[in-house]
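[1] What would the 3D arrangement of this be:
(one chain, ligands or ions: 2)
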Amino acid sequence: MKMGDPEEAEEHGRRLILHNFLSFQECKELEFIHKSNCTVGYRPHVFSTTLSHLIATNSAHLIMPFVPIRERLKEKVEEFFGCHYELFVEFTGLISWSRGSSIGWHSDDNRPYLKQRDFAAVCYLNSYGNDFKGGLFHFQDGDPATIVPSGGDVVIYTADSRNIHSVDEITDGERLTLALWFSRDATYDEDAKLITLLSQNFLHDNAPELCLPLPASSNMYWFSPDQASSDQQLGFDICWARLHVLGYDLLFHQDKSYCSNMSELLMEPLRLTRGDELFEHEFINILHALQVVQFYCWKAPDFKSAKVEETTSVVFLSQSQRERFVCLKSLFAKDVRLVDSVFSNATFVESARHSFNWVDFTIAIAMWEDYARKLHRELVMSLPHWRTQQSIFNVSLDEK
Ligand SMILES: O=C(O)CCC(=O)C(=O)O
Ligand SMILES: [Fe+2]
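    Ligands and ions are numbered 1, 2, ... in the order given. Predicted structure coming up:
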């Protein structure tokens, strides 16, 4: 379809599909952010990462990779629909759909509290067949009737009843999207709200240059098979679960197996183990460990296999240490089989396990710190411009 042609737009029911709108690296970076920061979502078996959540968990710098993408998407939407008014981003979120999730026929403005939504843009960050099964997108009328999600593609459509759509149940793996909604109503401008939150966090000049993540309350990370209740007698902690499916376990300093307060446990310093090996690096909490592990997963394909003679601080677990985390397991997961059914994608986990080594992992810790510092610097330099304009945009390097 040709861009910006209003007749074409009418004919296609006011929708646009763009292939390879996002690069492979952009998709992978957003996947890293989601898999290390998501919380349980708004529908059963769905997980989400919002920008305000990133700010609230001391990871505000992770909103930076979204900034140029949001801007490009907004431009496309304005151009395609020939908007003669300004559009505002109403919501930005990473959303993952795990096994068992789906959504029936609906329009995106179908609730009184969603009436402000004028346009939607859904970017696919991974692909049907390779990363998940099921999860096809359908429009009820018109063409195309079905969209097969493919990493980098985006579907843009009006949020009203001219675009009734559905998503088939995901039957395997994890389907990942970046979803944005746009409104012409400035009172729903997400940017203004985010700038207020950022300003509150960055009012002091003595903000550290390396931000370490701070977990939110434990119920936001608790997956319950019955989403109506956050009953912690069933289900599992999703941070622990994501580490578990990648072959990691946690070791706390003291015996925490009798700890009854999950929120407290999520804040405890810990070390990582794999098999019978204990890696001596200390992480300040589970979210810190998870961010580094997911960063390593993102970057691991680029590593030239490290030389074996290099040293890392790895020791063998003692029997008592081993017993300690066996007890802990039952705090984090009431049902380990459920963890595997929700998060494990056999092919991916296998390849991650095979390429693993602690030397590369050690390098990844330093790379993760550099990455976080760089984004943090960019954020601190951009914020004054955002505050002046009351808009989040890509501040060019020269201006910085
Ligand atoms: O993920 C998709 O393909 C569409 C999701 C959707 O329809 C929604 O969240 O309203
Ligand atoms: Fe929708």
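
[2] Helix, strand, or coil at A120?
    strand (DSSP: H, G, I helix; E, B strand; the rest coil).

[3] Name the strands paired with the longest strand anywhere in the chain and say parallel or antiparallel.
    Across the chain, the longest stretch assigned as strand under DSSP state E is strand 170-183. According to DSSP bridges, strand 170-183 forms sheet pairs with strand 88-98 (antiparallel), strand 119-124 (antiparallel), strand 132-134 (antiparallel).

[4] Pipe those strands into JSON lines and attach mean pLDDT per row.
    Output for those, formatted as JSON lines (pLDDT from 0 to 100):
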{"stretch": "strand 88-98", "mean pLDDT": "98"}
{"stretch": "strand 119-124", "mean pLDDT": "98"}
{"stretch": "strand 132-134", "mean pLDDT": "96"}
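
[5] Would you tell me which of those strands gets closest to ligand 1?
    Ligand 1 sits nearest to strand 119-124 of all these, at 4.6 Å, using Cβ to the nearest ligand atom. Yep, even glycine has a C-beta here, placed from its N, CA and C like the rest.

[6] For the stretch 51-200 of the chain, what lies in contact range of ligand 1?
    I103, D108, V122, F137, H165, V167, T177, A179 (Cβ under 6 Å from any ligand atom).

[7] Mind doing that once more with 5 Å?
    V122, F137, V167, T177 (Cβ under 5 Å from any ligand atom).

[8] now those residues as a markdown table including neighbour count?
    As requested, those are exported to a markdown table (neighbours: other Cβ atoms under 10 Å):
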| residue | neighbour count |
| --- | --- |
| V122 | 21 |
| F137 | 21 |
| V167 | 21 |
| T177 | 25 |
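
[9] Kindly reformat the strands paired with strand 170-183 as CSV and extend each row with distance to I286.
    Shown next, in CSV, are the strands paired with strand 170-183 (distance: least, Cβ to Cβ, whole Å):
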stretch, distance to I286
strand 88-98, 19
strand 119-124, 29
strand 132-134, 26
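
[10] Show me the shaky parts of the stretch 101-250 of the chain.
    203-207, 227-232 (pLDDT under 70).

[11] in it, which spans are strands?
    With strands called from DSSP state E, counting those that start in this stretch, the stretch 101-250 of the chain shows them at 103-106, 119-124, 132-134, 137-139, 146-147, 154-158, 165-167, 170-183, 222-223, 236-237, 249-252.

[12] one step back: could you give me the buried positions within the longest strand of the chain?
    I170, D172, G173, E174, R175, L176, T177, L178, L180, W181, F182, S183 (16 or more other Cβ atoms under 10 Å).

[13] so who does F139 touch?
    G13, R15, A145, T146, I147, Y157, N163, I164, H165 (Cβ atoms under 8 Å, 6 or more residues apart in numbering).

[14] Could you dump those residues into TSV and include distance to L51 and neighbour count?
    TSV is the format used below for these (distance: Cβ to Cβ, whole Å; neighbours: other Cβ atoms under 10 Å):
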residue	distance to L51	neighbour count
G13	30	17
R15	25	21
A145	33	11
T146	30	10
I147	25	19
Y157	22	24
N163	25	23
I164	28	18
H165	24	21
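
[15] List just the nearest of these to ligand 1.
    The nearest one, if we look at the contacts of F139 relative to ligand 1 and count by Cβ to the nearest ligand atom, is H165, at 5.6 Å.

[16] so V292 sits in a helix?
    Yes. Judged by three-state DSSP, V292 forms part of a helix.

[17] wait, doesn't it sit right on A364?
    Yes. V292 lies in contact with A364 (Cβ atoms under 8 Å); the separation is 6.6 Å.

[18] May I have stretch 317-331 as PDB, with CA atoms only?
    Taking Å, rounded to 0.1, in the frame of the first residue of the first chain, the C-alpha atoms of stretch 317-331 are listed here in PDB:
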ATOM      1  CA  LEU A 317      28.200 -24.900  46.000                       C
ATOM      2  CA  SER A 318      28.400 -26.600  49.400                       C
ATOM      3  CA  GLN A 319      25.800 -29.100  50.500                       C
ATOM      4  CA  SER A 320      24.200 -26.600  53.000                       C
ATOM      5  CA  GLN A 321      24.000 -23.900  50.300                       C
ATOM      6  CA  ARG A 322      22.300 -26.300  48.000                       C
ATOM      7  CA  GLU A 323      19.700 -27.200  50.600                       C
ATOM      8  CA  ARG A 324      19.100 -23.500  51.200                       C
ATOM      9  CA  PHE A 325      17.800 -22.800  47.700                       C
ATOM     10  CA  VAL A 326      15.800 -26.000  47.500                       C
ATOM     11  CA  CYS A 327      13.800 -24.600  50.400                       C
ATOM     12  CA  LEU A 328      13.500 -21.200  48.700                       C
ATOM     13  CA  LYS A 329      12.100 -22.700  45.500                       C
ATOM     14  CA  SER A 330       8.800 -23.300  47.200                       C
ATOM     15  CA  LEU A 331       8.500 -19.700  48.200                       C
END
